[in-house]
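Chemist: model the structure of this input:
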Amino acid sequence: MIVWAATTFFLSTLSNQQIEEIIPFKFWDKLGHFLLFSTGGALIAAALRLTTGWGWGRIILVASIVASVYGATDEWHQQFTPGRSAKDVGDWTADTLGGLFGSVFASLVMAKVRFLRVWLRLEPRGKKADGPVQSVAL
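Modeler: Numbering: from 1, shown residues only. Sure, this is the predicted structure:
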């Protein structure tokens, strides 16, 4: 999660021209924001699932809010970078929706992994997570 946040911060320090030099293909700016923050939302949700006893509803809500707030600070940070559009509501919306998508995606994947663990009898049926998950190995 820290690597994702640092990468996002680093990308915010680059001008649009520098980003185009790093990324070898053209893409829609909003799609880039959505994909980057989808990754962040998924990582935040997974970290919350592995370290708290929260249910998925709370995890998705908190992960989405954290990603959205980080997206807002990212937009604010870009105002100090020459050649970047700062305070772009469209970018922030893409960040927020990406964070929501990523957190929902992570919750579905992790729930499916748990279902498979129960189905393969690696985990007892009906077992509820009372606290942080101790192991995620299959």
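Chemist: switch to C-alpha atoms for all contacts and neighbour counts from now on
Modeler: Noted.
Chemist: lowest-scoring secondary structure element of the protein by mean pLDDT?
Modeler: helix 16-22 (a mean of 75; mean pLDDT, DSSP states H and E).
Chemist: that one: which residues count as buried?
Modeler: Asn16 (16 or more other C-alpha atoms under 10 Å).
Chemist: now do stretch 107-116
Modeler: Of all the residues in stretch 107-116, those buried under the rule 16+ other C-alpha under 10 Å are Ser107, Met110, Arg114.
Chemist: quick one on the thing from earlier: name the helices or strands packed onto the least confident helix or strand of the chain?
Modeler: Contact partners of helix 16-22 among helices and strands, from 3 or more C-alpha pairs under 8 Å, 6 or more residues apart in numbering; DSSP states H and E: none.
Chemist: following it, which helix or strand comes up?
Modeler: Note on helix 16-22: by DSSP states H and E, the next helix or strand toward the C-terminus is helix 29-51.
Chemist: distance from that following helix to the middle of the chain?
Modeler: Remark: helix 29-51 is offset 1 Å from the chain centroid, using C-alpha atoms, centre = their mean, to the nearest Å.
Chemist: next, the buried residues of the next helix or strand after it.
Modeler: Where DSSP H and E defines the elements, the next helix or strand beyond helix 29-51 is helix 56-78. Neighbour counts over helix 56-78 (16+ other C-alpha under 10 Å) mark 56, 59-60, 62-68, 70-72, 74-78 as buried.
Chemist: run the angle between the top helix by length along the chain and helix 56-78 for me.
Modeler: Of all the segments assigned as helix in the chain under DSSP state H, the longest by residue count is helix 89-119. Helix 89-119 runs at 150 degrees relative to helix 56-78, counting by axes from the mean of the first three to the mean of the last three C-alpha atoms, to 10 degrees.
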